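Asker: the sequence isn't on hand, but the structure is:
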Ligand SMILES: CC(=O)SCCNC(=O)CCNC(=O)[C@H](O)C(C)(C)COP(=O)(O)OP(=O)(O)OC[C@H]1O[C@@H](n2cnc3c(N)ncnc32)[C@H](O)[C@@H]1OP(=O)(O)O
Ligand SMILES: O=C([O-])CC(=O)C(=O)O
Ligand SMILES: [Mg+2]
């Protein structure tokens, strides 16, 4: 069994790439793409009569492939199916970093998964508390319960919008620009921030519409999402580029932190830089920008 580092609840997750757990050709060298997290899917990408075969393939991938620093998440089947409990046993036995709950609708759903994850950790001698959880919100009930879901467990690192199923349950239609998803996206970002967890946008399935994909990535970046679920390796680079702080943002953050240190030594709490007011609130954000820039590998300074 390949030893994996202890999963970190909060780490860089700009890109989370789905792949069918049953396809060795996809999963055997997935780490070469430089994606932050891979999501081995046991749910919708796997045909109903192939669930056992997919679990078999998944277990062997988890125990035989060295994914290095790439996080490995397994999307289990829905809690309304006969599959999810065995999915959890298989993923935990293989030493997975985390499980993704599809169509999560309540804090109770998260706690139920948590109970089964803990039981599997005990059964297979995997460190108790090791396995992380994330929740995908795919129904109006799930989105409206986002605040309680986001705060439901110390294992939960984030919540994600899953728009395909959300569209179906809402009877909405895809519109370029995503106006029909505005409320769901805003609620998810707000609930995640209130609970101190991460938030992820949904997949973009039209691989031929590069312009539409890029516009959506810029929009979800502006809305405050930490990352996005992806379906294809060719979507990774643009997300990494767009979600990293720009040189201008880094320069401003550095300037704010340095000047704040000088000013606060002199007992000054609020002052101006290039005509703009700066106080402690700006410094907290500047610190966040510099930490993100460091994690993205675009800042190597000493702050
Ligand atoms: C709504 C939902 O539930 S989404 C989640 C469930 N869906 C999935 O998991 C689907 C994930 N994506 C895929 O399976 C594929 O990208 C498809 C079927 C959509 C398109 O497949 P292709 O037409 O083969 O894509 P493409 O030609 O761009 O593939 C280029 C290379 O990337 C590989 N690749 C494509 N998608 C993935 C992926 N998700 N993960 C890893 N590798 C991939 C292909 O194997 C191919 O490799 P090769 O050049 O060595 O042969
Ligand atoms: O999580 C996602 O974005 C994919 C998905 O299940 C959906 O769109 O229903
Ligand atoms: Mg779905």
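Answerer: That came in fine, so what should we check first? Remember, predicted model here, so these are calculated numbers, not experimental data. Ligands and ions are numbered 1, 2, ... in the order given.

Asker: could you check how far residue 286 is from ligand 2?
Answerer: Distance, residue 286 to ligand 2, using Cβ to the nearest ligand atom, to the nearest Å: 32 Å. Every C-beta, even on glycine, is put in place using the N, C-alpha and C of the backbone.

Asker: meant to ask about residue 166
Answerer: Counting by Cβ to the nearest ligand atom, the gap from residue 166 to ligand 2 is 7 Å.

Asker: same question, residue 103
Answerer: 8 Å.

Asker: same check, this time on residue 104
Answerer: For residue 104, the distance to ligand 2 - Cβ to the nearest ligand atom - is 11 Å.

Asker: next up, phi/psi of the spatially closest residue to residue 279 that is not a sequence neighbour, please.
Answerer: For residue 279, ignoring the flanking residues on the chain, the nearest one in space by Cβ to Cβ, 6 or more residues apart in numbering is residue 270 at 4.4 Å. Note on residue 270: backbone dihedrals following degrees, to the nearest 10 are phi -140, psi 140.

Asker: ligand 2 contacts on the protein?
Answerer: Applying Cβ under 6 Å from any ligand atom, we find that the chain lies next to ligand 2 at 102, 136, 138, 160, 162, 163, 164, 165, 202, 203, 229.

Asker: in strands only, show me these.
Answerer: Per DSSP state E, strands hold the following members of the residues of the chain next to ligand 2: 136, 160, 229.

Asker: wait, doesn't the second one sit right on residue 200?
Answerer: Yep, that's residue 160 we're talking about. Yes: using Cβ atoms under 8 Å, residue 160 is in contact with residue 200, at 3.9 Å.

Asker: neighbour count: those two, which is higher?
Answerer: The residue with more neighbours, out of residue 160 and residue 200, is residue 160; 30 against 27, by other Cβ atoms under 10 Å.

Asker: OK, contacts around the more buried one?
Answerer: Residue 160 makes contact with 16, 100, 134, 135, 136, 137, 188, 199, 200, 201, 202, 229, according to Cβ atoms under 8 Å, 6 or more residues apart in numbering.

Asker: could you redo the last one with a cut-off of 7 Å?
Answerer: By Cβ atoms under 7 Å, 6 or more residues apart in numbering, residue 160 lies in contact with 134, 136, 137, 200, 229.

Asker: and which of those residues is nearest ligand 3?
Answerer: Closest to ligand 3 out of those is residue 136 (6.7 Å), distances taken as Cβ to the ion.

Asker: the closest one - how many residues pack around it?
Answerer: Residue 136: 26 surrounding residues under other Cβ under 10 Å.

Asker: same deal with residue 281?
Answerer: Using other Cβ under 10 Å, the number of residues around residue 281 comes to 10.

Asker: again with residue 54
Answerer: 24.

Asker: quick check, residue 157 in a helix?
Answerer: No: Residue 157: not assigned to a helix; according to DSSP: H, G, I helix; E, B strand; the rest coil it is strand.

Asker: start at 18, not 1
Answerer: That works, and once the first residue is 18, the last one we named lands at residue 174.

Asker: how about the strands in the protein?
Answerer: Secondary structure of the chain (DSSP E): strands at 32-37, 54-58, 88-92, 115-118, 149-154, 173-178, 215-218, 244-247, 288-290, 293-295.

Asker: identify the neighbouring strands of the third one in the sheet and state each direction.
Answerer: The sheet places strand 88-92 alongside strand 54-58 (parallel), strand 115-118 (parallel), with pairing taken from DSSP bridges.

Asker: before we move on, what about the last one?
Answerer: In the sheet containing strand 293-295, the strands it pairs with under DSSP bridges are strand 288-290 (antiparallel).

Asker: so what touches the partner strand?
Answerer: 272, 273, 276, 280, 295.

Asker: which of those lies closest to ligand 2?
Answerer: residue 273 (35.6 Å; Cβ to the nearest ligand atom).

Asker: chain neighbours aside, what residue packs nearest to that closest one?
Answerer: Excluding the flanking residues, the one nearest residue 273 by Cβ to Cβ, 6+ apart is residue 303, at 4.3 Å.

Asker: quick one, what contacts the one you found?
Answerer: Residues in contact with residue 303 (Cβ under 7 Å, 6+ apart) are 270, 273, 274.

Asker: narrow those to those in helices?
Answerer: Using DSSP state H, the subset of these located in helices is 270, 273, 274.

Asker: possible to save these as JSON lines with distance to residue 226, neighbour count and pLDDT?
Answerer: Below are the ones in helices among the contacts of residue 303 laid out as JSON lines (distance: Cβ to Cβ, whole Å; neighbours: other Cβ atoms under 10 Å; pLDDT from 0 to 100):
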{"residue": "270", "distance to residue 226": "34", "neighbour count": "25", "pLDDT": "96"}
{"residue": "273", "distance to residue 226": "38", "neighbour count": "22", "pLDDT": "95"}
{"residue": "274", "distance to residue 226": "40", "neighbour count": "18", "pLDDT": "95"}
